[in-house]
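Trainee: any chance you can model this:
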Amino acid sequence: MVRTRKSINRQHSKGGILGFEEKLWVAADKLRGQMDSAEYKHIVLGLIFLKYISDGFEEHYHQLELWTATPSNNLYVSEQRGRYQVLEDKQQYLTKHLFWVPKEARWSYIKANSKNSEIGKIIDSAMLLIEQENPSLKNILPQDYSRSSLDQRRLGELVELVDTISLGDEESRSRDILGRVYEYFLGRFACAEAKGGEFYTPQSVVKLLVEMIQPYKGCVYDPCCGSGGMFVQSEKFVEAHGGQSQDLSIYGQESNPTTWRLCKMNLALRRIQANIGLHHADTFHNDLHPNLKADYILANPPFNMSDWGGEHLREDPRWQYGTPPINNANFAWVQQIVSHLDPNGVAGFVLSNGALNHSQGDATIREALIEADLIDCIVALPNQLFYTTQIAASLWFIASNKKDSKFRNRRGQTLFIYAHSFGKMVDRTHCILTDGEISRIAKTYQDWRSQENFLDYRDIPGFCKSATLEDIRSHKMSLIPGRYVGFDEELTKHWDIERLQSELADVEARLNEITKASNSAFKVLKELLHG
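Mentor: Sure thing, here's the model as predicted:
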C-alpha cells in the first residue's frame, strides 16, 4: 500500500515512531553498500534538515503569494516594489523566525534535479548557500554529498524518498522531528556499527529525568549534550505547563564534532536558543562554561570512560570529593556536575550501576558525596533501555540544598526507587518506559520532596523507600535501591520456598560436579603438556 503524505503524518504515537521513520530507514539502507553505517545516517539527516527548513520557507512563500494576489494588497505591492520583490524579501522570512533559503537551495529545486548526475554537487552547494545566508548555521551543515564514494543515482533516489515525507506543516514543525529520527536511526544502526555507535539517551529516559527535575524557569546545563535531547524535552516541559521557552537559558557542551553539529541543527529546527559553544570541546580538558552555576543539570555521560585523560587532571579544583580514578570517568562526571550546580540547584543524570556500590578507586568519592548529604534520589532503571549498550544503569538526583524553601526539609534523607522491573518491550532487544511508569516514578519523587504533598508519599515495599543517612551507613555506603526497598510481600507470599531451596541445592550440586570435572581435565592436560 502506498502511503500518502497525510497518512504518514497521522501515524504519530506517544513513545513510538512517527510513521515515516521506518520509511527513512529503507531510504538510508539504499546506501548501505556505499559507506559505513556511522556515516550514512548523517547523509539522510542532512537531507531531512534541508527539506524541513525549505518546507517552512516555501509554506510562508505561498502565503505571501496569496496575500499579494488579493486586489487590495496587489495595488499596494505594485506601487511599492512589485510582487516578486516582496516574495523574495529576506526580511519577510526572518521576522517569522524562518531560515532564508536561496532559490538554488530550496527543496523544489533539489527535487527537480534528483536525476541529475551531479545531484551531490547541487546539494553541497545548497548547504553552503544556506550557511552563508544564515550565520547561526555556519559550519554545521554536511557538505560531502558529491564525494566519489557516494553513488549519485542512489542519492537521487534518496531525495525522491525524502520528498514523500511532509515535514513543513505547522503540526510537524511543533515536534522534535530531527531528534526523533536520529533516535530511531541510532537504534537501527547501533548493531551494525563495530564501535558500538554514538551514545544517545532514549526519549523515555530523557522524559523521566525532566519530569522529575521539573525545569520550569532558570538555567539548564548539560556537560555532554549529544544531539540536544535534554534541551528539547526541557522546552517541551515548560510549554506543556503554561510557561514560555524564554523562561529557560540553556548551556551545553559536546566533544564529538559530528554530534555537536547535529545538536546545532536539532536546536535550530526547534528554534531553541542555546549556548553550546562555538565549537566542539572536551568538557574535562576545555570547559566552555567554567563559571556557570546552573539551576538544573541534566546529563547522560558516557558510561565507564577509560580514556578520559584523567592522568593530566590529578590536581583539578573540580575534584572536591576526591580524585577520580584514571581508568573510569564516572565520578569525574559527577563532580563536574556538582561543581556547576547552583546553591539551590538540582541535577539528574544517568550512571552505570557500577557506580552504586563499592568499586575500586571511587568508593571514597561516593562516600564523601553521601556524607555531604548531596544524594537526593536514586532510581534503578530496567535493562535494555539504551540503544548502544547493555550496561545496567540508574538515575542519580543531587540536590545542593535539601532545605530549599521551595521544598520540604530532606536533610539526612535519600529516596530509593526500584523501577528495574518496569519497561515495555518494543522489539526483541529494546524496551521503553511507558508514560504511566514515568508518571508514577516522577510523582513518587515529587510527593516525597514536596511540602504540600508529602503526606501523599509512603514507602512501598519493592518499589520505594525513604532512607536515612544511618540506613545508608548500615549498608556500607551502598546506593543499590534493591537493598533498601525490600520485597513486595504480595508478590512473594505465594513463593514455594522449600521448592526454591531444593532447586538451588540441585544447581549447587551440579556446579560442584562441573568444577571437579574441570579440575580433573586441567590436571590431565597439564600432565600431557609437561610429560
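Trainee: where does the prediction get shaky in the stretch 1-150 of the chain?
Mentor: For the stretch 1-150 of the chain, the stretches with pLDDT under 70 are 1-20, 23-24, 27-28, 30-38, 68-84.
Trainee: for the stretch 351-500 of the chain, same thing?
Mentor: Applying pLDDT under 70 to the stretch 351-500 of the chain picks out residues 359-360, 387-388, 488-498, 500.
Trainee: show me the strands in it, by range?
Mentor: Assigned by DSSP state E, counting those that start in this stretch, the stretch 351-500 of the chain shows strands spanning 375-380, 393-399, 413-418, 424-425, 431-432, 464-468.
Trainee: which one of the ones you listed lies nearest to residue 67?
Mentor: When the strands of the stretch 351-500 of the chain are compared by Cβ to Cβ, strand 431-432 sits nearest residue 67, at 44.4 Å. The way it works is simple: take the backbone N, C-alpha and C, and place the C-beta from them, glycine included.
Trainee: list the helices and strands the closest one packs on?
Mentor: Strand 431-432 sits against strand 424-425, with contacts defined as 3 or more Cβ pairs under 8 Å, 6 or more residues apart in numbering; DSSP states H and E.
Trainee: name the residues that touch the strand it packs on?
Mentor: Applying Cβ atoms under 8 Å, 6 or more residues apart in numbering, the contact partners of strand 424-425 are 384, 431-434.
Trainee: report the buried members of these.
Mentor: The neighbour-count criterion (16 or more other Cβ atoms under 10 Å) marks 384, 431-433 among these as buried.
Trainee: how near is residue 324 to residue 340?
Mentor: According to Cβ to Cβ, to the nearest Å, residue 324 stands 16 Å off from residue 340.
Trainee: quick one, which of the two is more surrounded?
Mentor: residue 324 (26 against 23; other Cβ atoms under 10 Å).
Trainee: what's near enough to touch that one?
Mentor: When the contact criterion is Cβ under 8 Å, 6+ apart, the partners of residue 324 are 310, 330-332, 335, 361-362, 365.
Trainee: ok, for it, nearest residue in space, not its chain neighbours?
Mentor: residue 332 (4.0 Å; Cβ to Cβ, 6 or more residues apart in numbering).
Trainee: mind checking what secondary structure the one you found has?
Mentor: Three-state call for residue 332 (DSSP: H, G, I helix; E, B strand; the rest coil): helix.
Trainee: return the residues in contact with residue 468.
Mentor: Residue 468 makes contact with 412-413, according to Cβ under 8 Å, 6+ apart.
Trainee: from residue 414, how far off is it?
Mentor: For residue 468 relative to residue 414 (Cβ to Cβ), the value is 8 Å.
Trainee: what's the answer for residue 366, then?
Mentor: Per Cβ to Cβ, residue 366 is found 12 Å from residue 414.
Trainee: likewise residue 374?
Mentor: Distance, residue 374 to residue 414, using Cβ to Cβ: 9 Å.
Trainee: between those two, which one's more packed in?
Mentor: Applying other Cβ under 10 Å to residue 374 and residue 414 shows that residue 414 carries more neighbours, namely 25 against 21.
Trainee: the more buried one is in contact with residue 375, isn't it?
Mentor: Yes - counting by Cβ atoms under 8 Å, residue 375 is a contact partner of residue 414 at 5.0 Å.
Trainee: find residues that contact each of the two.
Mentor: Counting by Cβ under 8 Å, 6+ apart, the contacts common to residue 414 and residue 375 are residue 479.
Trainee: give me the neighbour count for the closest residue to residue 421 other than its chain neighbours.
Mentor: Sequence neighbours aside, residue 382 is the residue nearest to residue 421 in space, at 6.8 Å (criterion: Cβ to Cβ, 6+ apart). Look at residue 382: counted by other Cβ under 10 Å, it has 18 neighbours.
Trainee: pretty sure residue 382 is touching residue 420, no?
Mentor: Yes - because the distance of 5.6 Å satisfies Cβ under 8 Å, residue 382 is recorded as touching residue 420.
Trainee: and residue 273, what does it touch?
Mentor: By Cβ under 8 Å, 6+ apart, the contact list for residue 273 reads 250, 267.
Trainee: same check, this time on the one 10 residues further on
Mentor: The neighbourhood of residue 283, defined by Cβ under 8 Å, 6+ apart, consists of 223-224, 253, 255, 336.
Trainee: kindly report the same for residue 93.
Mentor: Taking Cβ under 8 Å, 6+ apart, we find residue 93 in contact with 57, 60, 99-100.
Trainee: and it, what helix or strand is that in?
Mentor: helix 90-94 (DSSP states H and E).
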